[in-house]
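# Sequence and predicted structure below; questions after.
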Amino acid sequence: MSALWISHVTVTDPDSYGKYAKLAGPVIAEHGGTFLARGGRCVQLEGKERPRNVVARFPSVEAAVECYNSVGYQAALLHARDASERELVVVEITD
């Protein structure tokens, strides 16, 4: 079953986070991920508001987790760690 990679982000260093985004996008695509939403308009109804929200679809939970753990994504993530506050969850889509 497909899965959604859902990230809620507050960017604290736009330059470093931009490096992360530039490196992470191709790695996500290499693992079958396609972006459905990236930083568009959102309405926070509950919980902590994060101004940037990203949703990507992957072929499976395993593919998304493999992407996250990949050498390429971990290298990209080095730029995001000190440049943002974020939460990331992978959710299996139930049809």
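Yep, that arrived. Since we're looking at a predicted model, the values are computed, not measured. Residues are numbered from 1 along each chain as shown.

# so where do the helices sit in this protein?
Per DSSP state H, the chain carries helices over the ranges 14-30, 61-69, 71-81.

# Include mean pLDDT when you put these into CSV, please.
Formatted as CSV, these follow (pLDDT from 0 to 100):
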stretch, mean pLDDT
helix 14-30, 97
helix 61-69, 98
helix 71-81, 97
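
# so can I have TSV of those showing mean neighbour count?
Heads up, the C-betas are built off the backbone N, CA and C, glycines and all. Converted to TSV, the helices of the chain look like this (neighbours: other Cβ atoms under 10 Å):
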stretch	mean neighbour count
helix 14-30	16
helix 61-69	17
helix 71-81	15
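
# Make CSV out of those helices and add distance to E46.
Below are the helices of the chain laid out as CSV (distance: least, Cβ to Cβ, whole Å):
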stretch, distance to E46
helix 14-30, 25
helix 61-69, 24
helix 71-81, 25
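
# Not counting its neighbours along the chain, what's nearest A3?
On the basis of Cβ to Cβ, 6 or more residues apart in numbering, the spatially nearest residue to A3 that is not a chain neighbour turns out to be V61, at 4.4 Å.

# That neighbour reaches E92, doesn't it?
Yes. Contact criterion Cβ atoms under 8 Å: V61 and E92 qualify, at 5.1 Å.

# what is in contact with these two at once?
Overlap of the contact sets of V61 and E92 (by Cβ atoms under 8 Å, 6 or more residues apart in numbering) consists of M1, A3.
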